[in-house]
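In: My questions concern the predicted model and sequence given below.
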Amino acid sequence: MTGFGPRFRTAVAARGRLCAGIDPHVELLQSWGLEADPAGLDRFADLCIEAFGSVAAVIKPQVAFFEPFGAAGLATLERVIAGCRDAGALVLADAKRGDIGSTMSAYARAWLDDSSPLASDAVTVSPYLGFGSLAPALDVARPAGRGVFVLARTSNPEGASVQLADADGRSVGQRIVDAAAAVNTDGAGTVGVVVGATRAHGLDLTALAGPVLAPGLGAQGARAEDLGSVFAESDLDWLLPASSRGVLGAGPDIGALRASFEAARDEVESALS
Ligand SMILES: O=C(O)c1cc(=O)[nH]c(=O)n1[C@@H]1O[C@H](COP(=O)(O)O)[C@@H](O)[C@H]1O
């Protein structure tokens, strides 16, 4: 089985370095002329699958926006995951899970195992219970060629109080990156990290050998032209900037949504070339 890292590199080489976020905010549903109910969510999902599925390398549905609709919301999320994967995109479920190991293995089954209707190509996880607590997710992901993206230095200003804290001479965020790099020495690129594009991060990512999800483009103020100064030259092949509201604001027309994604992706590609 090809590891997640090579799968990721193949996908971004073919479709470019921009992750399309699917975040069905209530305000967005309304601005698309949809009700904030299961039928509106379903329509929003269909439009996004159609607009992004065949053009984006990676699509990141934000699980939180589906959960308020209960079982109907999860059914829609299942369709988003399957529809985008069928159209050739890698799906990164943004669930930010994290718990003790025994519970983590249940999360891993939910998001990374073929037997689950929510099975995705990768999932976001929080290392707050210790990087080692994520081992069950890595154990499920690795043989399946799937990935796990660990929060290291998030795009929000509040993250600094934890992520920049000193832990034996290194920041907490750097220790997460180093732990991810140690796993990736097998060459599979199973572990990615999340590093916001919104500001200088102070991390050394050179040994990571795995993907770097960089949210914050657009609505949070990060700009494509800043990526080259926020990230080192040696990190750019693994870089995956992400935008949700910045692209989704162009909806609900499918052509306009796709054009908005493609314009943002082309801006990223030309800024990084
Ligand atoms: O893991 C993430 O994707 C994530 C990490 C982070 O540090 N910052 C961050 O904004 N995100 C997610 O990325 C998306 C950003 O959405 P926009 O600000 O609309 O582009 C949301 O789904 C966030 O939950």
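Out: Cool, the structure landed.
In: can we go C-alpha only for contacts and neighbour counts from here?
Out: Noted.
In: Before we move on, what's the pLDDT of the residue of the chain found nearest the ligand?
Out: Nearest residue of the chain to the ligand, counting by C-alpha to the nearest ligand atom: residue 154, 3.2 Å away. Looking at residue 154, its pLDDT is 98.
In: Neighbours of it, how many?
Out: The tally of other residues near residue 154 (other C-alpha atoms under 10 Å) stands at 23.
In: so what's it up against?
Out: 194-196 (C-alpha atoms under 8 Å, 6 or more residues apart in numbering).
In: What of residue 243?
Out: 18-21, 215-219.
In: Name the nearest residue to it, sequence neighbours excluded.
Out: residue 217 (5.1 Å; C-alpha to C-alpha, 6 or more residues apart in numbering).
In: What are the phi and psi values at that neighbour?
Out: Residue 217 adopts backbone torsions of phi -70, psi 140, taken as degrees, to the nearest 10.
In: now it: how far from residue 35?
Out: 27 Å (C-alpha to C-alpha, to the nearest Å).
In: Compare these two (neighbour count), which wins?
Out: Between residue 217 and residue 35, counted using other C-alpha under 10 Å, residue 217 has the larger neighbour count: 26 against 17.
In: Relative to residue 195, how far out is that one?
Out: From residue 217 to residue 195 the distance is 12 Å (C-alpha to C-alpha).
In: Please apply the same query to residue 69.
Out: 29 Å.
In: of the two, who's got more company?
Out: Taking neighbours as other C-alpha under 10 Å, residue 69 and residue 195 compare with residue 195 leading, 29 against 16.
In: For the closest residue to the more buried one other than its chain neighbours, grab the count of nearby residues.
Out: Leaving aside its sequence neighbours, residue 195 sits nearest to residue 153 (C-alpha to C-alpha, 6+ apart; 4.7 Å). Close neighbours of residue 153, defined as other C-alpha under 10 Å, add up to 29.
In: wait, doesn't the residue nearest to residue 243 sit right on residue 247?
Out: No. In this structure residue 217 lies outside contact range of residue 247 using C-alpha atoms under 8 Å: 9.5 Å.
In: Can you report how many residues neighbour residue 122?
Out: Residue 122 is flanked by 27 other residues according to other C-alpha under 10 Å.
In: got the contact list for it?
Out: 91-93, 111-112, 141, 146-149.
In: and if you look at residue 104?
Out: Contacts of residue 104 by C-alpha under 8 Å, 6+ apart are 97-98, 133-134, 136-137.
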